[in-house]
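*Asks:* Starting from these lines, generate the structure:
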Amino acid sequence: MRILVLGAGAVGTAAAYYLARDGHEVTVIERHAGPASGTSYANGGLVSPGDATAWASPEALKTFVRGIFNHDLGIRVRLGRDPYLFAWGLRFLRQCTQARKRANTLPKLRLALYSRDSINALSDETGITYDDRRKGILYLSRSRESLDAAARNYGFLADHGLPIEVVDPERMAGIDPGLAGARHHFVGAVYSPTDQTGDSRLFATRLATYATEKLGVDFRFNTTVEGLDTEGDAVRAVRTDAGPFTADSVVLAMGPESGLLGRRHGLDLPIYPVKGYAATIPLEDEGKGPTMGGADEDRYVAYSRLGNRLRLSCTAEFTGFDRTFRKQDFAPMFRTAHELFPGAFDEAKAELWAGLRPMMPKSVPVLGRARYRNLYLDTGHGHLGWTLAAGSGRLLADLVAGRSPEIDTEGLLYRN
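*Replies:* Have a look, this model is predicted:
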């Protein structure tokens, strides 16, 4: 079967790999000059089933409302720039109950655990490395109230298959010696030993090379998707600025742009672009940096060790498709990072970046066949795009092939 994959981020590239491995003739269309040049370019670097709790929750509702008025929080909401935010926000608010939080978390956790295993198997099969470390992740708490709330949230994940350990500051520093100098700032942490870290851009870039050389995948870069030509219940062609492309099936994996394209063709894809900030910094003294990944839960700052680099990420900003940033936008994350890892890095050497996470109101991605019989969705992965990329691509390949998926798909498959 000839298949077009729209988007060459970590999600689209993983889908292309699994589809080509099944023997399909795969072409990937990407508007940037190379893979992982958009949302997958930089993130916290965490492959983290431990972060599978749905964003939409009673706690998030309070933070969302506070973020309208206080832009120093980890969540910032800028009203008035994008009228679609109001429609999306209403759907998000309907998910902010304890019952919906749990209902949305379970399929997300199942996919995250499956995806973590899938990316490890993929790495073993292909020999691809991506500055990955399989040492776990520490979720740090600065107050007893915060730690108690974390223990409840992660306890729910533990009840459904995620190993965790609640640790005190001494144990925390023993797990990651890089935190030894900062342990007095924290009352404890939740340790998820099977979480891991890695560079999504390295992963997508090296996987694209492998898929091209070993599986014959054709990547068409610098090519912008303009629309779909449909006839009856099928997509007849994909229109691009380089002319039309035809295939037997099409996979939509365009991250935040998926919603824009989908809505033009009658698909209910309530994807909102949520901006996040990331900094990548060479370690001046590797012994003073982290040895694994982590997150300061009270400051909304995530970090990971990628080779000899420190990756920091922070903030969820609701401001439409604006990707601009200012140096001062990174000040809170640098203050926290200096506190965590004093003397480890020089922030003046940081590569700064801002990108858009494709967030669904449920914070569960949309997967499976859409309203057209030959159109498949693999998008809307939100803040866990890197974590979910391999698993969603593998699941998609099963759906295209008509195989029974290896995981329970309840709550995951798209319903228009």
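*Asks:* contacting residues for G181?
*Replies:* 288, 341-342 (C-beta atoms under 8 Å, 6 or more residues apart in numbering). Where C-beta positions appear, they are placed from N, C-alpha and C, glycine not excepted.
*Asks:* Reformat those residues into CSV and put neighbour count and distance to S392 next to each item.
*Replies:* As requested, those are exported to CSV (neighbours: other C-beta atoms under 10 Å; distance: C-beta to C-beta, whole Å):
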residue, neighbour count, distance to S392
K288, 17, 36
F341, 22, 33
P342, 12, 39
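*Asks:* Can you tell me which of those residues is nearest S115?
*Replies:* When those are compared for distance to S115 (C-beta to C-beta), F341 wins out at 28.5 Å.
*Asks:* wouldn't that closest one be in contact with G289 here?
*Replies:* Yes. Assessed by C-beta atoms under 8 Å, F341 is found in contact with G289 at 5.4 Å.
*Asks:* Please give the centre-to-centre distance between stretch 328-336 and its chain.
*Replies:* Counting by C-alpha atoms, centre = their mean, to the nearest Å, stretch 328-336 is centred 21 Å from the centre of its parent chain.
*Asks:* What lies in contact with stretch 13-23?
*Replies:* Here stretch 13-23 has contacts from 3, 5, 8, 26, 28, 35-36, 122, 204, 207-208, 210-211, 215-217, 251, 253, 378, 389-390, 392-394, 396-397, 400-401, using C-beta under 8 Å, 6+ apart.
*Asks:* Not counting sequence-adjacent ones, nearest residue to L395?
*Replies:* P405 (5.4 Å; C-beta to C-beta, 6 or more residues apart in numbering).
*Asks:* F219 and L147, how far apart?
*Replies:* 46 Å (C-beta to C-beta, to the nearest Å).
*Asks:* Measure how far the helix or strand hosting E125 is from the centre of its chain, please.
*Replies:* Using DSSP states H and E, E125 falls within helix 98-126. Helix 98-126 sits 12 Å away from the centroid of its parent chain (C-alpha atoms, centre = their mean).
*Asks:* With stretch 329-339 instead?
*Replies:* 22 Å.
*Asks:* Quick check: mean pLDDT of it?
*Replies:* Here stretch 329-339 scores 95 as its mean pLDDT.
*Asks:* can you pull out the strands in the stretch 101-250 of the chain?
*Replies:* 137-141, 165-167, 188-192, 196-197, 218-220, 225-231, 234-240, 243-245, 249-252 (DSSP state E, counting those that start in this stretch).
*Asks:* R76 is nearest to which of these?
*Replies:* strand 137-141 (21.9 Å).
*Asks:* which residues sit against that closest one?
*Replies:* Taking C-beta under 8 Å, 6+ apart as the rule, strand 137-141 contacts 46, 48, 50, 147, 150, 154, 167, 172, 175-176, 179, 186-192, 195-197, 292-298.
*Asks:* Starting from it, tell me which strands it pairs with and how they run.
*Replies:* strand 188-192 (antiparallel), strand 293-296 (parallel) (DSSP bridges).
*Asks:* Just list the residues touching L122, thanks.
*Replies:* With C-beta under 8 Å, 6+ apart, L122 has these contacts: 14, 17, 128, 207, 390.
*Asks:* if we can go back for a sec, for the helix holding E125, which residues meet the burial criterion?
*Replies:* 100-101, 104-119, 122-123, 126 (16 or more other C-beta atoms under 10 Å).
*Asks:* likewise stretch 405-413?
*Replies:* So for stretch 405-413, counting by 16+ other C-beta under 10 Å, buried means 405, 407, 409, 412.
*Asks:* isn't the second one right up against R394?
*Replies:* Yep, that's I407 we're talking about. No. If you go by C-beta under 8 Å, I407 and R394 don't touch, sitting 9.3 Å apart.
*Asks:* Low-confidence ranges, the stretch 301-416 of the chain, go.
*Replies:* 416 (pLDDT under 70).
*Asks:* Do you have the helices of it handy? List them.
*Replies:* 331-340, 385-401 (DSSP state H, counting those that start in this stretch).
*Asks:* which helices and strands sit right next to the first one?
*Replies:* It stands for helix 331-340. Counting contacts by 3 or more C-beta pairs under 8 Å, 6 or more residues apart in numbering; DSSP states H and E, helix 331-340 packs against strand 272-282, strand 301-306, strand 309-318.
*Asks:* how long is stretch 40-58 end to end?
*Replies:* For stretch 40-58, the first-to-last residue distance is 29 Å (C-alpha to C-alpha, to the nearest Å).
*Asks:* model confidence over it, on average?
*Replies:* Throughout stretch 40-58, pLDDT has a mean value of 94.
*Asks:* before we move on, back to that, export the strands of the stretch 101-250 of the chain to CSV and append columns for mean pLDDT.
*Replies:* Putting the strands of the stretch 101-250 of the chain into CSV (pLDDT from 0 to 100) gives the following:
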stretch, mean pLDDT
strand 137-141, 98
strand 165-167, 98
strand 188-192, 98
strand 196-197, 98
strand 218-220, 98
strand 225-231, 97
strand 234-240, 98
strand 243-245, 98
strand 249-252, 98
